[in-house]
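*Asks:* The sequence isn't on hand, but the structure is:
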Ligand SMILES: Cc1cc2nc3c(=O)[nH]c(=O)nc-3n(C[C@H](O)[C@H](O)[C@H](O)COP(=O)(O)OP(=O)(O)OC[C@H]3O[C@@H](n4cnc5c(N)ncnc54)[C@H](O)[C@@H]3O)c2cc1C
């Protein structure tokens, strides 16, 4: 079996296939969690709140169990190690429309994930350094938190290799599907990989590797994240004292939109890299290989304006760093998991759409069932849906 792509989707898929007994070779053009990949950077939010998209709440609940098991196995669940899944909770702030929060409740309950409404005044008492101005509803998800991103990807591949998997650095320039199956892949430097099954978890490159089958079904969008420096010795801004936060409101560029709320979100700490602030609004189309990854002054100004609004005590905090990453968006933001329409032994796995990282272990388990046990794929993940 060959898995192409060692990001959050491919790395976990390779590991789960290996644990199910398959002989697996994992190939990546650059390496797990590398700086151009969608799994790059320090951290990703892990949450179960998904509005009425219950399939993702169920999947997130399973992923959380698997992240915890992975931490326990790696010895990361105890000090002095930072766990790969850090549970500091997720705080949702809604200004106006809180339908997303309300719709999340039933799926969360069904998945056994605790979630509670907080009175904004109660929230203010608990986190006095957050300004809840304009916030009309607050939801708190206690079991949520964040995952280490690039480092978790690296560790997954290390675990995969330690458990008998084969990992190579190599680039698959194209996929020669002829007839009803795929027999082999030839890497750019000439090596040939033969297998009975192939999984392509190529993130934002999936469309260019399969121009006819995937093509523009996946669009890479430019996303900027900023890391601000918090005051010396002030633990209030660290994950020990502060949850992950997500702020949904109609504001700025979205103020005139009919039905789209703008989501700002952030993660405290980031393995000491700073206080992360990011806008989830989908940016312009981006080339993941050659695109320039310097942040824009406009996005920085917007991030700082948001900081001033919600975290006034650090409104003038110095910028410590920034990241330009890309979402690999499907048009409906559902994942893509399906068989290649011509080659039954080739599988396409991607379309994380800005929310896929947390699901890595559950995706790996899911794809393993689909590939090895011919389990059916949910309709929402199919190429044609
Ligand atoms: C800024 C940002 C914030 C995000 N926030 C969150 C969040 O808070 N929570 C969350 O759950 N998700 C979040 N996401 C989404 C999540 O990170 C991605 O959906 C997920 O990491 C995608 O993983 P992947 O394995 O599909 O893709 P990638 O990580 O891009 O991995 C694909 C791999 O395939 C390799 N590859 C591609 N083509 C080839 C080829 N031809 N030959 C060999 N190798 C190849 C690449 O080198 C790469 O390593 C965020 C994403 C971004 C960019």
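*Replies:* Okay, I see it. Everything numeric here is computed off the predicted structure, so don't read it as measured data.
*Asks:* Get me the contact residues on this protein for the ligand.
*Replies:* 4-10, 27-30, 34, 37-39, 44-45, 171-172, 201-205, 209, 223, 225, 325-327, 350, 352, 354-358 (CB under 6 Å from any ligand atom). (C-beta placed from N, C-alpha, C; glycine too.)
*Asks:* List only buried entries from those residues.
*Replies:* Buried subset of those (neighbour count, 16 or more other CB atoms under 10 Å): 4-10, 27-29, 34, 37-39, 44-45, 172, 201-205, 209, 223, 225, 325-327, 350, 352, 354-358.
*Asks:* Which members of these occur in strands, if any?
*Replies:* 4, 27-28, 44-45, 223, 225, 325-327, 350 (DSSP state E).
*Asks:* and which of the residues you listed is nearest residue 243?
*Replies:* residue 45 (10.2 Å; CB to CB).
*Asks:* Can you tell me which residue of the stretch 151-300 of the chain sits closest to the ligand?
*Replies:* Across the stretch 151-300 of the chain, no residue is closer to the ligand than residue 203, which sits at 2.4 Å (CB to the nearest ligand atom).
*Asks:* How about that residue: what's its closest non-neighbour residue?
*Replies:* residue 38 (4.6 Å; CB to CB, 6 or more residues apart in numbering).
*Asks:* And residue 365, by the same measure?
*Replies:* residue 16 (5.2 Å).
*Asks:* ok, now which ones touch the one you found?
*Replies:* 361, 364-365, 367-368 (CB atoms under 8 Å, 6 or more residues apart in numbering).
*Asks:* Assign residue 269 to helix, strand or coil.
*Replies:* Secondary structure state of residue 269, per DSSP: H, G, I helix; E, B strand; the rest coil, is coil.
*Asks:* circling back to that earlier point, would you mind giving the ones in strands among the buried ones among the residues of the chain next to the ligand as a markdown table with pLDDT added?
*Replies:* Formatted as a markdown table, these follow (pLDDT from 0 to 100):
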| residue | pLDDT |
| --- | --- |
| 4 | 99 |
| 27 | 98 |
| 28 | 98 |
| 44 | 98 |
| 45 | 98 |
| 223 | 98 |
| 225 | 98 |
| 325 | 98 |
| 326 | 98 |
| 327 | 98 |
| 350 | 98 |
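*Asks:* Quick check: of these, which lies closest to residue 289?
*Replies:* Distances from residue 289 to these, taken by CB to CB, are shortest for residue 326, at 10.6 Å.
*Asks:* Tell me what the closest one is bridged to.
*Replies:* Assessed by DSSP bridges, residue 326 has beta-bridge partners residue 222.
*Asks:* My understanding was that it contacts residue 289; is that so?
*Replies:* No. Using CB atoms under 8 Å, residue 326 is not in contact with residue 289, being 10.6 Å away.
*Asks:* where do the contact lists of these two overlap?
*Replies:* Contacts common to residue 326 and residue 289, judged by CB under 8 Å, 6+ apart, are absent.
*Asks:* Can you give the domain ranges for this protein?
*Replies:* 1-42+149-218+330-385, 86-146+219-326 (automatic domain parsing).
*Asks:* Of those, flag the one that's most buried.
*Replies:* domain 1-42+149-218+330-385 (a mean of 20; mean count of other CB atoms under 10 Å).
*Asks:* Which stretches in the stretch 101-250 of the chain count as helices?
*Replies:* 120-126, 150-162, 206-209 (DSSP state H, counting those that start in this stretch).
*Asks:* Dump the ones you listed into JSON lines; add distance to residue 193 and mean pLDDT as well.
*Replies:* Shown next, in JSON lines, are these (distance: least, CB to CB, whole Å; pLDDT from 0 to 100):
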{"stretch": "helix 120-126", "distance to residue 193": "53", "mean pLDDT": "96"}
{"stretch": "helix 150-162", "distance to residue 193": "16", "mean pLDDT": "98"}
{"stretch": "helix 206-209", "distance to residue 193": "15", "mean pLDDT": "98"}
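*Asks:* Which pLDDT value goes with residue 81?
*Replies:* In this model, residue 81 is scored at 76, pLDDT.
*Asks:* Leaving out the residues flanking it, which one is nearest to it?
*Replies:* In space, residue 81 is closest to residue 75, 6.3 Å off (CB to CB, 6+ apart).
*Asks:* And that neighbour, how close does it get to residue 159?
*Replies:* 12 Å (CB to CB, to the nearest Å).
*Asks:* and if you look at residue 200?
*Replies:* 21 Å.
*Asks:* element containing the closest residue to residue 112 other than its chain neighbours?
*Replies:* Using CB to CB, 6+ apart and skipping the chain neighbours, the partner closest in space to residue 112 is residue 61 (6.4 Å). For residue 61, the element it lies in under DSSP states H and E is helix 54-74.
*Asks:* if we can go back for a sec, the residue of the stretch 151-300 of the chain closest to the ligand contacts residue 6, doesn't it?
*Replies:* No. Between residue 203 and residue 6 there is no contact under CB under 8 Å: 10.0 Å.
*Asks:* Wait, residue 91 touches residue 123, no?
*Replies:* Yes. Assessed by CB under 8 Å, residue 91 is found in contact with residue 123 at 7.3 Å.
*Asks:* intersection of neighbour lists for these two?
*Replies:* Contacts common to residue 91 and residue 123, judged by CB under 8 Å, 6+ apart, are 130, 138, 140.
*Asks:* which one of these is nearest residue 307?
*Replies:* Proximity of the shared contacts of residue 91 and residue 123 to residue 307 (CB to CB) peaks at residue 130, which lies at 11.3 Å.
*Asks:* ok, now which ones touch that closest one?
*Replies:* Residue 130 neighbours (CB under 8 Å, 6+ apart): 91, 123-124, 245, 310-311.
*Asks:* how close does residue 139 get to residue 355?
*Replies:* 17 Å.
*Asks:* Also residue 57?
*Replies:* Using CB to CB, residue 57 is found at 12 Å from residue 355.
*Asks:* Could you do residue 334 as well?
*Replies:* On the measure of CB to CB, residue 334 and residue 355 end up 10 Å apart.
*Asks:* cool, and residue 219?
*Replies:* 15 Å.
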